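Colleague: need the 3D shape of this:
(chains A and B)
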Amino acid sequence: MNSIEVNDLHFSYAKEEALKGVNLSVRSGIITGILGPNGSGKSTLFKVLSTQVKPHKGKVEVFGLDVTKNPAEVRSKIGICFQSPSLDPHMSIEENLNLHGRLMGLGTDALVKRIQWGLDFFGLSARRKDRVKILSGGLARRAELIKVLLSEPEVMLLDEPTSGLDPGSRLDLWTELKKLVKEKSMTLVVTTHMMEEADFCEELVFISDGQIRGQGSPDLLKKNFGAEVLTFKFNADSDAQNALAKIKTLAGGEDRVRKTELQIRWETPRSKEMSTLVLENWGPQINEFTWGRPSLSDVYFQKTGRSLS
Amino acid sequence: MKIIPFFRCSIVLWQREVVRFFRQRSRVIGTLATPLMFWFVIGGGLGKSFADPGQPLGTYFEYFFPGSIVLSVLFTAIFSTISVIEDRHQGFLQGVLVSPAPRAAIVFGKILGGGTLGLIQGLLLLSLSPLVGISLDWIQISEGIVLLFLMATALTGLGFFFAWKIDSVQGYHSIMNTVMVPLWLLSGAVFPLAGAHEILFWIGRLNPLSYAVQSFREILFSPETSQGFLLAALLMLAFTVLFTAGNTRFVAKS
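Modeller: Numbering: from 1, shown residues only, chains lettered A, B, ... in the order given. Got it, this is the predicted structure:
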């Protein structure tokens, strides 16, 4: 079953078209990552899904509800965590949660229970009286997530949730998000421009220049890559240059060859044959050799022609 | 739209306005000290030069007292609605707008908050009325409270309208100086409109705040002959309703 259906979505800022006919289905109960560089259209897609802006063309449905026709109903089913903080820095965590819980229509009993659950889940019970302005980035982000979870949304939209966090806090947050999806059977849609976060997702959507360039599970995307990746690190640049010229003559139409400094990277479906050939010809000049399945970065590059961090 | 969630939403936003106000001491002091300073400086400075040609109004110090209170209400409304711009920049507003809260409840909560703060500020200054020889009875205090509150809500509604449209605090301030301050100057708060140039007189007559200022002055100084309270209160209420409805439309469209 799908939570979100997007059909032929268009959106423009003045004369610039940010979304150019996006088609997308988001399955329920899993983490879907929307991956793209800055300016790819992922934040605009997020704004449409969260009812902040209306589509200029096309149809967007959340649990069968049209975001244009039923924005209030859609808002009651989704929880949104923005890239920038949305809690009042002058108020405590608890005051903020009370305020937002009320705005979500929660009654007193339910609100007290939900706040306590959230504070316990994210380990913030001892800090409940602290004003948001004194919290670290990681703690403030957790407080944001509690706010989003107060109404027990069926779908959570997270716009670059780990933005500004150190690697340790990022990993902790992802661990908590995965636990949450498992415990609550929730649907999570996460935008990110960090490839390292893509592996946390069960489904990935590649977006570039306002268009969806690929969608599938990380394993499937890697499997469908259609090639394996060979890397050869040479001792000297002259050796790498000579080898590159020869490899380019050997490379087939679907092969991709890139040279960065002393390293040549070759994506080819004929990996066994070609690696043997290169090692036979330049073996002594090669310092390091790897042979493996493509990474998600490779898949992203193949689909969009662009690199991610 | 369900009634209970509507008021729940409005009340929490109203509560936030009040809590934030008292947590920002500089704001409390600024909105209270500025009208007081105006009252002492302008009231004291112009006192000797000022003479009303038509009717005996007492000293200018006395005349300017209700105007100073209205100024404090005006300042409170301005500062209260600046937070709309701050909330937008800090992300808080975005968080509120993606909640299922009714748009009217969001606007109403904000206007209610501005109204409450304006009333508190106005009452604090009103407590100085013995300094100008006024002793207020409960009817005067009740009418004063109603009028101050409605003036504050109407002005907050107007401030909200501009704050929603304007993206910078600087821009908002310049618009406020162009719209709100003249609204106050031409309300009879600083000088009697009866003796002003004909153009100013007519602008003053068209200014809804004039009726509230006039009524407030009557409540303080001549309660026995006060006649304009109901008209002034209804006028301010009408503007509050108008701005609440209009602002709700803008918020819903965004």
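
Colleague: contacting residues around B:P100?
Modeller: Residues near B:P100 by CB atoms under 8 Å, 6 or more residues apart in numbering or on different chains: A:72-73, A:75-76, A:103-105. To be clear about C-beta, it is placed using only N, CA and C from the backbone, and glycine gets the same treatment.

Colleague: ugh, typo on my part, it should be A:E17
Modeller: Going by CB under 8 Å, 6+ apart, A:E17 touches A:10-11, A:210.

Colleague: out of these, which sit inside strands?
Modeller: Among the contacts of A:E17, the members falling in strands (DSSP state E) are A:10-11.

Colleague: turn the contacts of A:E17 into JSON lines, columns for distance to A:A18 and neighbour count.
Modeller: Converted to JSON lines, those look like this (distance: CB to CB, whole Å; neighbours: other CB atoms under 10 Å in any protein chain shown):
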{"residue": "A:H10", "distance to A:A18": "9", "neighbour count": "16"}
{"residue": "A:F11", "distance to A:A18": "5", "neighbour count": "22"}
{"residue": "A:G210", "distance to A:A18": "5", "neighbour count": "23"}
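
Colleague: hmm, which of the contacts of A:E17 is lowest in pLDDT?
Modeller: Lowest pLDDT within these is found at A:G210 (91).

Colleague: need the phi and psi values for that one.
Modeller: Note on A:G210: backbone dihedrals following degrees, to the nearest 10 are phi 80, psi 10.

Colleague: identify, from the contacts of A:E17, the entry nearest to B:F250.
Modeller: A:F11 (21.1 Å; CB to CB).

Colleague: who's in contact with that closest one?
Modeller: A:17-19, A:44, A:48, A:53, A:55-56.

Colleague: pull out the buried members of those.
Modeller: Listed as buried from these are A:17-19, A:44, A:48, A:53, A:55; burial here means 16 or more other CB atoms under 10 Å in any protein chain shown.

Colleague: inside helices: which ones of the residues you listed?
Modeller: Residues of the buried ones among the contacts of A:F11 located in helices (DSSP state H): A:44, A:48.

Colleague: let me have the buried ones among the contacts of A:F11 in JSON lines, extended by pLDDT.
Modeller: Output for the buried ones among the contacts of A:F11, formatted as JSON lines (pLDDT from 0 to 100):
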{"residue": "A:E17", "pLDDT": "90"}
{"residue": "A:A18", "pLDDT": "91"}
{"residue": "A:L19", "pLDDT": "93"}
{"residue": "A:T44", "pLDDT": "91"}
{"residue": "A:V48", "pLDDT": "93"}
{"residue": "A:V53", "pLDDT": "90"}
{"residue": "A:P55", "pLDDT": "93"}
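
Colleague: count the neighbours of B:A154 for me.
Modeller: Neighbour count for B:A154, taken as other CB atoms under 10 Å in any protein chain shown: 29.

Colleague: ditto for B:G133
Modeller: So B:G133, with other CB under 10 Å, has 12 neighbours.

Colleague: again with the one 5 residues further on
Modeller: By the criterion of other CB under 10 Å, B:W138 has 7 neighbours.

Colleague: end-to-end on stretch A:257-277?
Modeller: Stretch A:257-277 has an end-to-end distance of 15 Å (criterion: CA to CA, to the nearest Å).

Colleague: whoops, stretch A:175-192 was the one
Modeller: Stretch A:175-192: ends 16 Å apart by CA to CA.

Colleague: so does it get close to chain B?
Modeller: No - applying CB under 8 Å from any CB of the partner chain, one finds stretch A:175-192 separated from chain B by no less than 13.9 Å.

Colleague: pull out the buried positions in that stretch.
Modeller: Across stretch A:175-192, burial judged by 16+ other CB under 10 Å covers A:177, A:180-181, A:186-192.

Colleague: if we can go back for a sec, got CSV for the contacts of A:E17, with distance to A:F82 too?
Modeller: As requested, the contacts of A:E17 are arranged in CSV below (distance: CB to CB, whole Å):
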residue, distance to A:F82
A:H10, 23
A:F11, 18
A:G210, 21
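
Colleague: and for the spatially closest residue to B:I203 that is not a sequence neighbour, the neighbour number?
Modeller: Spatial nearest neighbour of B:I203, chain neighbours left out: B:L186 (5.2 Å); criterion: CB to CB, 6 or more residues apart in numbering or on different chains. Neighbour count for B:L186, taken as other CB under 10 Å: 23.

Colleague: and which of the buried ones among the contacts of A:F11 is nearest chain B?
Modeller: A:V53 (9.1 Å; CB to the nearest CB).

Colleague: now do stretch A:225-241: distance from first to last residue.
Modeller: For stretch A:225-241, the first-to-last residue distance is 27 Å (CA to CA).

Colleague: mean confidence score for that stretch?
Modeller: The average pLDDT within stretch A:225-241 is 80.

Colleague: ok, stretch A:279-293 next?
Modeller: Throughout stretch A:279-293, pLDDT has a mean value of 79.

Colleague: quick check: end-to-end length of it?
Modeller: Stretch A:279-293 end-to-end distance (CA to CA) = 19 Å.

Colleague: now it, how far from the centre of its chain.
Modeller: Put simply, stretch A:279-293 sits 34 Å off its chain's centre (CA atoms, centre = their mean, to the nearest Å).

Colleague: can you list the residues that contact it?
Modeller: Applying CB under 8 Å, 6+ apart, the external contacts of stretch A:279-293 come out as A:222, A:225, A:228-236, A:239, A:242-243, A:246, A:262, A:271, A:275, A:278.

Colleague: try 10 Å this time
Modeller: Stretch A:279-293 has contacts (CB atoms under 10 Å, 6 or more residues apart in numbering or on different chains) with A:219, A:222-223, A:225, A:227-236, A:238-240, A:242-243, A:246-247, A:262-266, A:271-272, A:274-275, A:278, A:298.

Colleague: flag every buried residue along that stretch.
Modeller: Across stretch A:279-293, burial judged by 16+ other CB under 10 Å covers A:282, A:286.

Colleague: kindly report the same for stretch A:140-156.
Modeller: By neighbour count with 16+ other CB under 10 Å, stretch A:140-156 contains the buried residues A:140-151, A:153-156.

Colleague: do stretch B:232-245 as well
Modeller: B:232-233, B:235-236, B:239-240, B:243-244.

Colleague: chain neighbours aside, what residue packs nearest to the residue in the stretch 1-150 of chain A that chain B sits nearest to?
Modeller: Residue nearest to chain B within the stretch 1-150 of chain A (CB to the nearest CB): A:S86, separated by 3.0 Å. Sequence neighbours aside, B:G95 is the residue nearest to A:S86 in space, at 3.0 Å (criterion: CB to CB, 6+ apart).

Colleague: how deep is the one you found tucked in, by neighbour count?
Modeller: B:G95 is flanked by 25 other residues according to other CB under 10 Å.

Colleague: show me how far whatever helix or strand it lives in is from its chain's centre.
Modeller: Using DSSP states H and E, B:G95 falls within helix B:92-97. On the basis of CA atoms, centre = their mean, helix B:92-97 sits 25 Å off its chain's mean C-alpha point.

Colleague: could you do stretch B:244-254 as well?
Modeller: Distance of stretch B:244-254 from the chain centroid (CA atoms, centre = their mean) equals 21 Å.

Colleague: please apply the same query to stretch B:238-254.
Modeller: 17 Å.

Colleague: tell me the mean pLDDT over the lengthiest helix in chain B?
Modeller: Criterion DSSP H: the longest helix present in chain B is helix B:60-90. The average pLDDT for helix B:60-90 rounds to 89.

Colleague: name the residues of that helix that come out as buried.
Modeller: Going by neighbour count (16+ other CB under 10 Å), the buried part of helix B:60-90 is B:60-85, B:87-88, B:90.

Colleague: for it, which helices and strands make contact with it?
Modeller: helix B:3-23, helix B:25-46, helix B:92-97, helix B:103-126, helix B:138-165, helix B:169-185, helix B:208-221 (3 or more CB pairs under 10 Å, 6 or more residues apart in numbering or on different chains; DSSP states H and E).

Colleague: least confident of those, on average?
Modeller: helix B:25-46 (a mean of 80).
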